[in-house]
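Undergrad: structure for this input, please:
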Amino acid sequence: MRSGSERLAPADEANLVLDRVGQINVFLVAAMLGPGGFVDSDGTPDLSALRSALARRVDALPALRRGIGRDGRGHRWVEAHPDLRHHVRLAELPDKPEALERLCAHLMTVPLELDRPPWEILVAPRAGGGQTAVVLRIHHVLADGMAAVAIVQSLFDDARHDEPRRLSTSVVRRSLMTRVTYGLRRIRLTLSGHEVGTTVLLGERTDSRAVVFLDADLLALEARMRPQGSTVNDALLASVAAGYRAALTAAGERIPDRLPVSVPVALEQRGSARNQVGVMLIRLPLTVSDPDERLRLIGAQTRIEKAAARDQGTLEFMRGPTGARIMNRLARRQRLVGGFVTNVRGPEQAQSLAGAPIGPMWPVAVLAANVRLGVAALSVGGRLCLGIHFDAAHVPGAEFADAVSEELRRLTV
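TA: Next up is the predicted model:
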């Protein structure tokens, strides 16, 4: 079938179902730009120069030249030539330290248009001059986390990374009966799991969103984890556990022994679906005071759960739109997980955008179901960059972020 005219794969249709008011299903990264290329020494951007530099790269990325049209009860990819005057635009950034975080929090409540390719690059010079920020948003129907990072690399760097870098390790296949049993268990947990009690972490969300950006020395973190047999992801989850403990304490709640969180797992590319992500359930030990024991307990889970998630494949309810609709309804009152934590490996080298050097590049997690706080991490240029996204009307997010920052600092010294 002609490129750009095929129907959406079922897993991609499922990601359209998840996109709704209050639950904007996009991949978002933000960064500060230094002077160079299309950014003058005073921070003034030349959008014409940026659009010209990006035009050839966008033409080479089929995912960015696709709109979405109706096809009966489903959808079909529609070939579209992006108008870069719309897709690459200016945004206002007040002269305040937290201005970029506030802009990103707002953007996580604003849907992308689907009648044109659903992505955008916003260039935001700071009022009064100085640094300029950039924000890229890509609808998840176009790409999962790994594929979205590959698009970022193709747009922000000269290296060619049109396809996402998938797993380099082999997957140990379990028996069919084992996979069926595991799948039925995941379905049962999704439908009726009740591991989280009444808490500020779950419930209806408001539009009072907030985002906090953090970053840590990735190389120091890797060096600290390696002798213990732990991974950077284990360290991230241990730091997030400290954050949840601090947030629940600030909210005056009892600290549970374990708090289950949902953690995506990258899968091998199979078929045409742009979204191929597994899920593991990790129970964070919140009452364990010994940091090394906390890491050990988390690592013991991730080693088992990651292999099982990769073998099992995409979450059963996200393999098509019908399952996604069922999950979408049930998820508004789910008690299986208290949060989302995602970690994606990005480019190892520092990036630039049309000649302008990029500093830390922070991702922002989607808040879905009834979850009020999520953490996204991206390793890039020797830094582990975190975006903490939360409903500020309910969750003590500042206390959460402070505790995560302190734990990451402790793990890198």
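
Undergrad: give me the below-cutoff pLDDT ranges for the stretch 201-350 of the chain.
TA: Within the stretch 201-350 of the chain, the segments meeting pLDDT under 70 span 267-277, 312-319, 324.

Undergrad: how far away is Ala350 from Gln153?
TA: Using Cβ to Cβ, to the nearest Å, we find Ala350 at a distance of 12 Å from Gln153. Quick note: C-beta positions are derived from backbone N, CA and C, even for glycine.

Undergrad: what do you get for Ala30?
TA: Computed as Cβ to Cβ, the Ala30 to Gln153 distance reads 16 Å.

Undergrad: which of the two has more neighbours?
TA: Taking neighbours as other Cβ atoms under 10 Å, Ala30 and Gln153 compare with Ala30 leading, 25 against 21.

Undergrad: apart from its chain neighbours, what residue comes closest to the more buried one?
TA: Nearest residue to Ala30 in three dimensions, chain neighbours excluded: Val135, at 4.6 Å (Cβ to Cβ, 6 or more residues apart in numbering).

Undergrad: who does the helix or strand hosting the one you found touch, helix- and strand-wise?
TA: Take DSSP states H and E as the rule and Val135 turns out to sit in strand 132-139. Using 3 or more Cβ pairs under 8 Å, 6 or more residues apart in numbering; DSSP states H and E, the elements in contact with strand 132-139 are strand 26-33, helix 99-107, strand 119-125, helix 145-156.

Undergrad: what about stretch 308-321, how long is it end to end?
TA: End-to-end span of stretch 308-321 (Cα to Cα, to the nearest Å): 24 Å.

Undergrad: SS state for Phe390?
TA: Of the three states, Phe390 takes strand under DSSP: H, G, I helix; E, B strand; the rest coil.

Undergrad: check Phe213 too.
TA: Phe213 ends up strand, using three-state DSSP.

Undergrad: partners of it in the sheet?
TA: Gly387 (DSSP bridges).

Undergrad: surely it meets Met361?
TA: No: assessed by Cβ atoms under 8 Å, Phe213 is found out of contact with Met361, at 9.9 Å.

Undergrad: got any residues that touch both of those two?
TA: Common neighbours of Phe213 and Met361, counting by Cβ atoms under 8 Å, 6 or more residues apart in numbering, are 30, 385.

Undergrad: so if I had to pick from the two, which one is more boxed in?
TA: For the pair Phe213 and Met361, the greater number of neighbours falls to Met361 (27 against 21), based on other Cβ under 10 Å.

Undergrad: which residues are in contact with that one?
TA: Counting by Cβ under 8 Å, 6+ apart, Met361 makes contact with 29-31, 152, 346, 351, 378, 380-381, 385.

Undergrad: which non-adjacent residue is nearest it?
TA: Leaving out its chain neighbours, the residue that sits closest to Met361 by Cβ to Cβ, 6+ apart is Ala31, at 4.4 Å.
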